[in-house]
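Asker: Sequence and computational prediction follow.
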Amino acid sequence: MTEYALRTAPYEPQAIEQKWQSRWHDMGSHTPDLELGERPYYQLMMFPYPSAEGLHVGNLYAFTGNDIQGRFQRLQGHTVFEPIGFDAFGIHSENYALKVGVHPGKLIPRNIENFRRQIRSAGLMVDWSRSLSTTDPAYYKWTQWVFLQLLEKGLAYRKKGAVNWCPFDKTVLANEQVINGECERCGTKVEQRSLEQWFFRITDYAGRLLENLDTIDWSESTKTSQRNWIGKSVGAEIVFEIRGAVPGSGGWRESGGQLGSKDLGEARDAGSLVPSTHSSLPVFTTRPDTIFGATYLVLAPEHPMVDVLTTAVQREAVGRYRERTAKQDLVSRKVPDKAKTGVFTGAYAVNPATGSPMQVWIADYVLMEYGTGAIMAVPAHDERDFAFATVFGLPVKRVVAGEGDNSEALVDAAYTGDGRLVNSGEFDGMPVSEAARAITAWLVGRNAAKPVVNYRLHDWCISRQRYWGPPIPIIYCDSCGVQAVPIHDLPVLLPHIDDFRPDDSGISPLARHKEWYLVPCPECGKQARRETDVSDTFLDSAWYFLRYTSTDRDDVPFDSEMTKRWLPVDFYIGGNEHAVLHLLYTRFVTMVLHDMGHLGFEEPFKRFRAHGHIVREGAKMSKNKGNVVNPDSYIEEWGADAFRMYLMFLGPFEEGGDFREGGISGVKRFLDRLWKTASEVDSTGEPDRGVMRKLHQTIRKVGDDTRVLGYNTAIAAMMEYMNVLRAGERISHRAEVEPLLILVAPYAPHIAEELWERFGHAESVFEARWPNFDPVLAAEETLELVVQVNGKVRGRLIVPRDVSQEEVVQLALADQAVAKFVSSQPKRVIFVPGRLLNLVT
RNA sequence: GCCCGGGUGGCGAAAAGGCAGACGCGAGGGACUUAAAAUCCCUUUCCGGUAACGGGGUGCGGGUUCGAUUCCCGCCCCGGGCACCA
């Protein structure tokens, strides 16, 4: 008979959710046995910055999608580890602290507490016993260790250079943090400043970071962003001899270096063609095939060779131009389509292909930080060069003829398309596609070029002139120079200071505290000074996934056995806004630690998927618009299960969705019906054959979809099954409902647990296994076949599964609705078994 | 300018090259109720028609195919990223 024990209680999400959250906590249900658990599965979500406003729906959307996957994998028989931590250092926290006038060290624990409460109330399967905060000395001790590893490997170096300076936040920004010339955070126009900074030589890994992308299972969009960011260009460095250069004025690499030495650091020129004999100039080009059309050279205004080249007559004009450019911020200088400006240096170079003299100019459209800081201009085949040549009346020489172009045809706009070479000596007639290689080889033979690959990627500046971060573990000694803090002295604690506000000096607030920065040199013991900059937040987050499995260890950053067992991460989920920052730095740090023998793998995340974003009424949620959804009130009103399911039902997880007030009632209704159905089940007799067929189709669909993050369609499939279960107000059989509880469990874990328990199970539903899909039970005996005439649907036939084509055609022609469109014998018959019949007349 | 997404009912969205619009919201109608809420049932792409039915329809224009939301070519619009990178 009906199980009356279930019958009485109404569905009260708040009560059962609290009950199960406490029980999970008390039973340690979310704390897997990392040492012995079978089939380890590491399910990771990007850790949040614990803001004062609390968890945003965007966070919860991502976390829920992650949690569903984790719980699903657990039902597949994995021991699932789903940790979370807090990315609490950085400008975000610090700026907020400045705004409200409370020390960040006070605010952060409060915020974290609030986040934990919210995450718990959403029913996430988080292992709280292995949580971390980047601000915890027990954590950043090892962030500092990571820095020292890079230093030891020769990948950390110090350099003075032009940096992006935000006058509002009063700090240096990485290139990635400058958006259209404005500070990513506050929108203030960024200026240039020259400061000593620590850099990581990520450019040494550019090739590997790019190539490995082909081997990892990541969202294609993320990989594309990284490819674009790394920006590989294949070309050549070509050397131009300078005519009448002043002899003996010194190699240019040695001469300046303050602005121009780029991110590559000082000791990086070993393989460069830069000659020691100063009277020649290397340029980088991706179009060596157009060398015969190179009619002048352009140097970046900061190029150290400018001093050497400029003739007396031109000195004043060049000086004025350089001064003007120096004042200009990096931003407005890089705006394209701006009218071209420049000045002739008075010097001439020789085209190594033609022997013709070429004027040497300086112009701000050539950037010191890319390539060699100098270009050969081919105005006939480069839009920028063409614009420049037009303004200054420089010669334009066609060397590529497209289809139908005459070799002498005037060039009225830069032609960058395909074609064959003209006016290029022995290379005339060669297709452009072959010419680059051929001409490079020819120039190499004449010792005038070498093939070069350039990357747009810059080295990673990790210095921050701020307070709220891990101090960079370096000591400067007047006698011994730059000293690493010995590992046994880590962590270098961030002192509690009240005057943590940055000022305009460009020096970290820590530099105002002698009592902190004056320390004995670890080498000689004489008084020395600590580095007073802290490191970039992206360094904190570049290795955190390694720490979770070893949070109980104070002697190592990560335990090697645990790491071997649990890493790399099986599935990582996060936002695509981190496609080139966090995700690239993490890969880089992992590679370095691998190369140093600390890790057995070089890619941190086997599988990564970028989730979509939640908007509201088509617009981004923002505090300004006042359309931010507070998850707390929704969870309170509808229950966490309904809210989780609603978020996932909005649209495809990887595309995001539009949050609308009304929609949540649909999933709530589904849960109400689930509750009611389970409460009324009948255990006697046999389950319905047709319902069981639908059940097995649903088991397959929900499993397939959940695995690939098709959460919205998985939920739809469960709803469909619910409609079948309850059709005509029938009472369901227990065998029809029980497996559904397991399918629902990843999505709505609390109600699943409660009903599972009420069904008499002593153990959690997450100790159960995903129901087996039985293809025999799922198979339809008869099916509906669509009958088309000339591609238009004219009827349907109910036929046995194994019906033959002949039978179907006969049946179709016997159908009035079909027959009236078939006037003659069909010319062609297309029969797709199980799907359709198309008669072509 | 370049690179990614995306454009389908009133709305959120589904569709191995094979019934366009599953599932849900909203709306309309009905049942139950003294009434309302809740629940359940039916209808709901557009046009014509009481209906049976017929015709159109997945941003636009072409193409491939027996058949295209899906593949190809050329555009338009929206969102995001990059952008004087030689």
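Answerer: Great, that's in hand.

Asker: Which part of the stretch 101-250 of chain A gets nearest to RNA strand B, residue-wise?
Answerer: Residue nearest to RNA strand B within the stretch 101-250 of chain A: residue A:221 (3.5 Å; C-beta to the nearest atom of the strand). C-beta here means a position set from N, CA and C on the backbone, and glycine is covered the same way.

Asker: wait, that residue sits on residue A:579?
Answerer: Yes - between residue A:221 and residue A:579 there is a contact at 7.4 Å, judged by C-beta atoms under 8 Å.

Asker: okay, the two: which has more neighbours?
Answerer: Relative neighbour count places residue A:579 above the other of residue A:221 and residue A:579, with 22 against 13, counting by other C-beta atoms under 10 Å.

Asker: show me what contacts the more buried one?
Answerer: A:221, A:222, A:225, A:226, A:229, A:610 (C-beta atoms under 8 Å, 6 or more residues apart in numbering).

Asker: picking up where we left off before, next one: the residue of the stretch 101-250 of chain A closest to RNA strand B relative to residue A:705, how far apart?
Answerer: For residue A:221, the distance to residue A:705 (C-beta to C-beta, to the nearest Å) stands at 20 Å.

Asker: ok so, going back, now do the buried residues in the helix or strand containing the residue of the stretch 101-250 of chain A closest to RNA strand B.
Answerer: Using DSSP states H and E, residue A:221 falls within helix A:220-230. Buried residues in helix A:220-230, defined by neighbour count with 16 or more other C-beta atoms under 10 Å: A:222, A:223, A:225, A:226, A:229, A:230.

Asker: quick one: the strand or helix carrying residue A:307 near RNA strand B?
Answerer: Using DSSP H and E, residue A:307 maps to helix A:305-309. No - Helix A:305-309 stays clear of RNA strand B (C-beta under 7 Å from any atom of the strand), getting no nearer than 13.6 Å.

Asker: What helices and strands are in contact with that helix?
Answerer: Applying 3 or more C-beta pairs under 8 Å, 6 or more residues apart in numbering; DSSP states H and E, we find helix A:305-309 packed against helix A:252-255, strand A:296-299, strand A:343-350.

Asker: which stretch among these comes nearest residue A:650?
Answerer: Ranking those by proximity to residue A:650 (C-beta to C-beta) places strand A:296-299 first, at 52.2 Å.

Asker: mind checking how far the closest one is from the chain centre?
Answerer: Chain-centre distance of strand A:296-299: 37 Å, with C-alpha atoms, centre = their mean, to the nearest Å.

Asker: which secondary structure elements does it contact?
Answerer: For strand A:296-299, the packing partners by 3+ C-beta pairs under 8 Å, 6+ apart are strand A:280-285, helix A:305-309, strand A:357-362, strand A:374-377, helix A:383-392.

Asker: circling back: tell me which of the helices and strands packed on helix A:305-309 sits nearest to RNA strand B.
Answerer: So among these, strand A:296-299 is nearest, using C-beta to the nearest atom of the strand, at 7.8 Å.

Asker: Can you pull the residues of the stretch 401-550 of chain A lying near RNA strand B?
Answerer: So the stretch 401-550 of chain A meets RNA strand B at A:454, A:456 (C-beta under 7 Å from any atom of the strand).

Asker: And the helices in the stretch 401-550 of chain A, which stretches?
Answerer: Under the criterion DSSP state H, counting those that start in this stretch, helices of the stretch 401-550 of chain A are mapped to A:432-445, A:514-517, A:537-540, A:544-547.

Asker: can you tell which of these is closest to residue A:207?
Answerer: Here helix A:432-445 is closest among those (C-beta to C-beta), at 19.0 Å.

Asker: How many residues are close by whichever residue of the stretch 401-550 of chain A sits closest to RNA strand B?
Answerer: Across the stretch 401-550 of chain A, the shortest distance to RNA strand B (C-beta to the nearest atom of the strand) belongs to residue A:456, at 4.0 Å. Around residue A:456 there are 15 other residues, counting by other C-beta under 10 Å.

Asker: Wait, it touches residue A:229, no?
Answerer: Yes - assessed by C-beta under 8 Å, residue A:456 is found in contact with residue A:229 at 7.2 Å.

Asker: Spell out for me which residue occupies the centre of chain A.
Answerer: The residue lying closest to the centre of chain A (C-alpha atoms, centre = their mean) is residue A:579, at 1.5 Å.

Asker: Tell me how far that residue lies from residue A:651.
Answerer: Here residue A:579 is placed at a distance of 20 Å from residue A:651 (C-beta to C-beta).

Asker: And for residue A:196?
Answerer: Using C-beta to C-beta, residue A:196 is found at 49 Å from residue A:651.

Asker: can you check residue A:531 too?
Answerer: 48 Å.

Asker: sorry, back to before: closest to residue A:452 among the buried residues of helix A:220-230?
Answerer: In terms of C-beta to C-beta, no member of the buried residues of helix A:220-230 lies closer to residue A:452 than residue A:230, at 15.5 Å.

Asker: Would you enumerate the residues in contact with the closest one?
Answerer: By C-beta under 8 Å, 6+ apart, the contact set of residue A:230 is A:206, A:209, A:210, A:455, A:456, A:457, A:584.

Asker: Please, a PyMOL command that selects the buried ones among the residues you listed?
Answerer: Entered in PyMOL, the line below selects the buried ones among the contacts of residue A:230, by 16+ other C-beta under 10 Å:
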select buried, chain A and resi 206+209+210+455+457+584
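
Asker: Is it possible to get TSV of the contacts of residue A:230 that adds pLDDT?
Answerer: Formatted as TSV, these follow (pLDDT from 0 to 100):
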residue	pLDDT
A:206	91
A:209	92
A:210	90
A:455	89
A:456	88
A:457	89
A:584	93
